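Give me coordinates for this.
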Amino acid sequence: MKLSPTEEELMNHLWKLKKAFMKDLLEEYSDPKPAATTISTLLKRMQDKEFVAYTSKGKSREYYPLVSKENYFSKHMKGLIKNFFNDSPAQFASFFTKKAEFTEAELEELREIIDGKLNKKK
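Next up is the predicted model:
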């Protein structure tokens, strides 16, 4: 299941804070801040999708993520590669490196990351 762009924005705030009350989440937004009812609705939808849960603290709810940022984006990256690049990481990498216009230093850094992964698999 995927989050909408507004849910992803809220989820990013929650991943950053790790645990948060409604007021903490609202403080993370720049002005104009969304209405508390909007955040409440998003949190409810995210609970239904099983991305967020909460613990009750008196009359307040402290929200926390059920899915890590790494797992969420890893799953969606795999889906992107499958759906748009014929399930070929090489096609994705080719597109990514051509369209992103990396500097030579950035490409070298990517090479080091890939070489490191290859060395660990040996």
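
The chain - how does it break down into domains?
5-65, 69-121 (automatic domain parsing).

Can you flag the weakest of those by average pLDDT?
The stretch with the lowest mean pLDDT among these is domain 69-121, at a mean of 84.

Output the longest helix along the chain as PDB - backbone C-alpha positions only.
Ranked by number of residues, the top helix in the chain under DSSP state H is helix 104-121. Extracted C-alpha coordinates of helix 104-121, given in PDB (Å, rounded to 0.1, in the frame of the first residue of the first chain):
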ATOM      1  CA  GLU A 104      32.200  13.200 -11.700                       C
ATOM      2  CA  ALA A 105      32.700  13.200  -7.900                       C
ATOM      3  CA  GLU A 106      29.100  12.100  -7.400                       C
ATOM      4  CA  LEU A 107      29.500   9.300 -10.000                       C
ATOM      5  CA  GLU A 108      32.700   8.100  -8.300                       C
ATOM      6  CA  GLU A 109      30.800   8.100  -4.900                       C
ATOM      7  CA  LEU A 110      28.100   5.900  -6.500                       C
ATOM      8  CA  ARG A 111      30.700   3.600  -7.900                       C
ATOM      9  CA  GLU A 112      32.300   3.200  -4.500                       C
ATOM     10  CA  ILE A 113      28.900   2.300  -3.000                       C
ATOM     11  CA  ILE A 114      28.300  -0.300  -5.700                       C
ATOM     12  CA  ASP A 115      31.900  -1.700  -5.300                       C
ATOM     13  CA  GLY A 116      31.300  -1.900  -1.600                       C
ATOM     14  CA  LYS A 117      28.100  -3.900  -2.100                       C
ATOM     15  CA  LEU A 118      29.900  -6.200  -4.600                       C
ATOM     16  CA  ASN A 119      32.800  -6.800  -2.200                       C
ATOM     17  CA  LYS A 120      30.400  -7.800   0.600                       C
ATOM     18  CA  LYS A 121      28.700 -10.400  -1.600                       C
END
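
Cool, thanks, talk later.
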